[in-house]
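> Quick one, what's the 3D model for this:
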Amino acid sequence: MKKLLLACLLISFSGLASTPLTVRYSAGGHAYPAELLTLILSKSAITMVPSEVPDIPSQSRAIRLLGEKNGIDVFWGATSSEWENQAKAVLIPIDRGLLGYRIPVVHISHKDMFAEVTHARQLIPFVFGLREDWPDTAIFKRNELDTLMYGTGAEPIEMLRSGRIDALPYDIFDLPKNHGDDIIHEPHIAIRYPSAVYFLWRMTIKHYTNYSMMVY
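Reported below is the predicted structural model:
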């Protein structure tokens, strides 16, 4: 898969430059995509130098900045209908679909709130908090789940502590994080739905907002 991903991404950039090329990307987030991008660029016959661009607070802003003079050249993210006409994509999932696994983050006093849940329809009574620009938000709403959307400057963990929301459906990569002694990853369920993370550069992107989710 790495060889195919390498070929697709480098073909996307081929012809852009015969001299060293700086490839800008949004700083922050998980380390793996940035390290993978660095590895891919290192295999190019063209000298490509990855460069982090700080202070891009949201995915939607990152998409808007793609290709801009003071923006970025590459972004990675899950698919969404909103992004279909805004970016080209290397349609190879770089995380093998792992981003589609969600482990709810809850207050410790509610550690057993999902103990009896065995299918997605049983999630309807609960309130989930999701970022307004996450593609996952559309998936939760499509599955008729009560979804409180928050913006870039919000503090979702505090919203959880105050009881405004019941759970934060964070991705599986959040498991190693410590959000405080009173905040835990719910021990009974995992939520899964199709979700693929692609390198975006500018091409039609399939999206999965109409898929159903499952509970394990």
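> show me what contacts V53?
Contact analysis of V53 by CB atoms under 8 Å, 6 or more residues apart in numbering lists 24-27, 65, 71-72. C-beta here means a position set from N, CA and C on the backbone, and glycine is covered the same way.
> What pLDDT is listed against it?
pLDDT, V53: 87.
> so I189 is in which element?
Using DSSP states H and E, I189 falls within no helix or strand.
> okay, now the closest residue in space to it that isn't next to it in sequence: neighbour count?
Excluding the flanking residues, the one nearest I189 by CB to CB, 6 or more residues apart in numbering is F114, at 4.8 Å. Residues contacting F114 under the criterion other CB atoms under 10 Å number 22.
> Then N70?
7.
> measure it to V53 for me?
According to CB to CB, to the nearest Å, N70 and V53 sit 9 Å apart.
> got it, and L98?
Taken as CB to CB, the span from L98 to V53 is 25 Å.
> E144 too?
E144 is 38 Å from V53, by CB to CB.
> and the least confident of the contacts of V53?
Within those, pLDDT reaches its minimum at A27, with 75.
> ok, it to Y170 distance?
According to CB to CB, A27 and Y170 sit 20 Å apart.
> So for these two, which residue has more residues nearby?
Each of A27 and Y170 has its neighbours counted (other CB under 10 Å); Y170 has more, 19 against 13.
> Please enumerate the helices of the chain.
Ranges of helices in the chain, per DSSP state H, are 2-13, 31-42, 59-64, 135-142, 156-162.
> Give the buried residues for the last one.
Meaning helix 156-162. Neighbour-count burial for helix 156-162 flags 156-157, 159-161 (criterion: 16 or more other CB atoms under 10 Å).
> which residues does the closest residue to T147 other than its chain neighbours contact?
With sequence-adjacent residues excluded and distances taken as CB to CB, 6+ apart, T147 is closest to F140, at 4.7 Å. By CB under 8 Å, 6+ apart, the residues touching F140 are 128, 130, 147, 169.
> Can you select the buried ones from the contacts of V53 in ChimeraX?
Per 16+ other CB under 10 Å, the buried members of the contacts of V53 correspond to this ChimeraX selection:
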select :24,25,26,65,71,72
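> Kindly indicate which of the contacts of V53 lies nearest I40.
Y25 (11.5 Å; CB to CB).
> Nearest residue to that closest one in space, ignoring adjacent ones along the chain?
Nearest non-adjacent residue to Y25 (CB to CB, 6+ apart): V74, at 4.7 Å.
> Any buried residues in stretch 126-143, and which?
126, 128-131, 133-140, 142-143.
> can you redo the contacts of V53 as CSV with distance to I92?
Below are the contacts of V53 laid out as CSV (distance: CB to CB, whole Å):
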residue, distance to I92
R24, 21
Y25, 17
S26, 19
A27, 23
L65, 23
G71, 23
I72, 20
